[in-house]
Every structure is written in C-alpha cells, then in structure tokens.
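Chemist: Below are the sequence and a predicted model for it; my questions follow.
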Amino acid sequence: HEPTARETDTALVARSEVYVEARSAALREAGDLLVPTAEGAIEENHIAGNLAELVNGPRVPPSERPRLFKSVGMAWEDLAVAVALYRAARTV
C-alpha cells in the first residue's frame, strides 16, 4: 500500500462500491484509490463506507456492482476484525 502502487485497475475501482478500513488512511496511502482519483475517474466520496459499516451497517451494497475492500494494514488484522464483527453480529 503505497500512494503510487496499486493492485486493481481504474475501471474496476470506478465501477465498484468501495469500502476501506479507515477513510483517512486510504486517502493517504492507497494507490488503488489515489491513482484513479488523480486520473479524474473517481472522487474521494467514491468510498461507500468502512469495514464496520459494511459488516454491521444498515447499508446493503447493490448486488449488481462489485464490492471492493481496500486495506492499507496487515491482512491478518483485517481478518481478525472481520471474524470478530461477524461473530458479534450473529449474537445480536
């Protein structure tokens, strides 16, 4: 995760509903978002929400659009948080 490096192309990012760990970190470090923004393909408000909003929030992503989660942290931390949120949601 570097501002000029990316793993996805602009077309995928532009057509996806994008979720991030934290907006501030993603807009500072995620080349997958910063490059398409610099190209004019998306704006900062293209981010639909963060991981917690995706997992627990009232927002239901549209099924016709791909969902893209962009992490700028360590993947094992993301997985641990996702598992904890999933388990918590199931006990409510």
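Modeler: Right, received. Where do you want to start? Numbers count the residues shown, from 1 in each chain.
Chemist: helices or strands up against the lowest-mean-pLDDT helix or strand in the chain?
Modeler: Every helix and strand of the chain was ranked by mean pLDDT, DSSP states H and E. The lowest is helix 51-56, at a mean of 79. In terms of contacts (3 or more CB pairs under 8 Å, 6 or more residues apart in numbering; DSSP states H and E), helix 51-56 is packed against strand 17-20, strand 67-70, helix 75-90. For glycine as for every other residue, the C-beta is placed from the backbone atoms N, C-alpha and C.
Chemist: Identify each buried residue in the first one, please.
Modeler: Going back to what we said before, that points to strand 17-20. For strand 17-20, burial by neighbour count (16 or more other CB atoms under 10 Å) applies to E17, V18, Y19, V20.
Chemist: ditto for stretch 20-35
Modeler: So for stretch 20-35, counting by 16+ other CB under 10 Å, buried means V20, E21, A25, A26, L27, E29, A30, G31, D32, L33, L34, V35.
Chemist: Got the confidence number for V18?
Modeler: Note on V18: pLDDT of 94.
Chemist: now do V72
Modeler: pLDDT, read off for V72, is 85.
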